[in-house]
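Colleague: Using only what follows, build the 3D model:
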Amino acid sequence: SDLDAVDRYMGVPLGHIPDQVGDCHASYARHHAQTFIDTFAGLGIRPDRYYWMSDLYPTGALDPFIRTALDRARTVREVYRRVANVQHPATWHPVGVICEACGKVGTTIVSRWDGERVFYECKPDLVEWAKGCGHSGWVAPFGGRAKLPWNLEWAAQWSLFGVTIEPCGKDLSTAGGSRDRSDAIAREVFEREPPLNVPYEFLNIGGRKMSTSKGRGAAAHAVAASIPGNVLRFLFLRPRPNQAIDFDPAGTDAIPRLHDEYDRISAATAGATVRGELPADHDRTG
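Modeller: Residues are numbered from 1 along each chain as shown. The predicted structure is shown next:
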């Protein structure tokens, strides 16, 4: 049953979980990523390539970053304490080993590093949402046997991919938040300047922030199915990144108005005479 599957796979890397629909994707992660990729393609956004971390870890591309993070574990703990007021125990090491017995990564904790191998435990009670199997042992955390925690992986990606600018939501950009942590780790652990950050605002639906955790809002693929790609791009690209977009399509004329605004600005851009005033530039209102 679905509940059995949740129980069995909670804590397993998403790239290792089978596609729950069985429609020929390599994993649960690839199934859902394809929805994202298809939605982007429908908006006319077709990147040259997508990077899959589940492909990169086994090649050893992340191994130098894992080694550096473990060698500088004390610095990592200090960054978390100073930047985010997160206090990890003195034995905490910044890597998640994939348990050799049960395949879970969310239930393991690493407490020692000898320069080549780490000692880890897969604990039944480490987290509330997944149960570890109790296995423990020494393992070399390379070649896909382990993952970096999110903030370290983000900082490692900047070096791995040569990232120079990366916008992110303003919720990640709050003081002591994800971006501050990763910026500090990039500088102090991986010794590189982080990319330029452009924090962007939220999309509000009917005056309320969309929230995946509360189930409030609309799925991107559902919105993209309702509004043509060029008009939807216009909705997102017209305001400056630091201005919230308020969109309320339910029971209003928001979608016809958006089409009208798109048509008028398209015509004006093409040099046609447009009757009436064009909508004010967003950054000039107020």
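
Colleague: was I right about Gly132 contacting Ala101?
Modeller: No. Counting by Cβ atoms under 8 Å, Gly132 stays clear of Ala101, with 9.3 Å between them. Just so you know, the C-beta spots here come from the backbone N, C-alpha and C atoms, and that holds for glycine as well.

Colleague: of the two, who's got more company?
Modeller: Taking other Cβ atoms under 10 Å, Gly132 and Ala101 do not tie; Gly132 has more neighbours (22 against 12).

Colleague: List the residues that contact the closest residue to the more buried one other than its chain neighbours.
Modeller: Distances taken as Cβ to Cβ, 6 or more residues apart in numbering place Thr107 nearest to Gly132, at 3.2 Å, with adjacent residues excluded. The neighbours of Thr107, taking Cβ atoms under 8 Å, 6 or more residues apart in numbering as the test, are 11, 99, 122-124, 126-127, 130-133.

Colleague: one more time with 6 Å, if that's ok
Modeller: 11, 122-123, 126, 130, 132 (Cβ atoms under 6 Å, 6 or more residues apart in numbering).

Colleague: pLDDT, secondary structure and distance to Asn230 for those residues - can I get that in TSV?
Modeller: Shown next, in TSV, are the contacts of Thr107 (pLDDT from 0 to 100; DSSP: H, G, I helix; E, B strand; the rest coil; distance: Cβ to Cβ, whole Å):
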residue	pLDDT	secondary structure	distance to Asn230
Gly11	97	coil	42
Cys122	98	strand	50
Lys123	98	coil	51
Leu126	96	coil	48
Ala130	96	coil	43
Gly132	97	coil	49
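
Colleague: so which of the residues you listed is the most crowded?
Modeller: Sorting the contacts of Thr107 by how many neighbours each has (other Cβ under 10 Å) puts Cys122 first, at 26 neighbours.

Colleague: on that earlier part again, so which of the contacts of Thr107 would you say is closest to Arg216?
Modeller: When these are ranked by distance to Arg216 (Cβ to Cβ), Ala130 comes first, at 25.9 Å.

Colleague: Now do the residue lying closest to that closest one once chain neighbours are set aside against Glu78, distance only.
Modeller: Leaving aside its chain neighbours, Ala130 sits nearest to Gly11 (3.2 Å; criterion: Cβ to Cβ, 6+ apart). From Gly11 across to Glu78, the span is 28 Å (Cβ to Cβ, to the nearest Å).

Colleague: before we move on, what about Arg240?
Modeller: Taken as Cβ to Cβ, the span from Arg240 to Glu78 is 36 Å.

Colleague: Compare the two and say which one has the larger neighbour count.
Modeller: Glu78 (15 against 12).

Colleague: Disregarding flanking residues, what is the spatial nearest neighbour of Ala140?
Modeller: Excluding the flanking residues, the one nearest Ala140 by Cβ to Cβ, 6+ apart is Arg117, at 5.1 Å.

Colleague: show me the contacts for the residue nearest to Gln20 when sequence neighbours are not counted.
Modeller: Distances taken as Cβ to Cβ, 6+ apart place Tyr28 nearest to Gln20, at 5.9 Å, with adjacent residues excluded. Tyr28 makes contact with 14, 17, 19-20, according to Cβ under 6 Å, 6+ apart.

Colleague: Glu201 contacts Ala244, correct?
Modeller: Yes. Applying Cβ atoms under 6 Å, one finds Glu201 in contact with Ala244, separated by 4.2 Å.

Colleague: Burial check on Ala155, number of neighbours?
Modeller: Neighbours of Ala155 using other Cβ under 10 Å come to 26.
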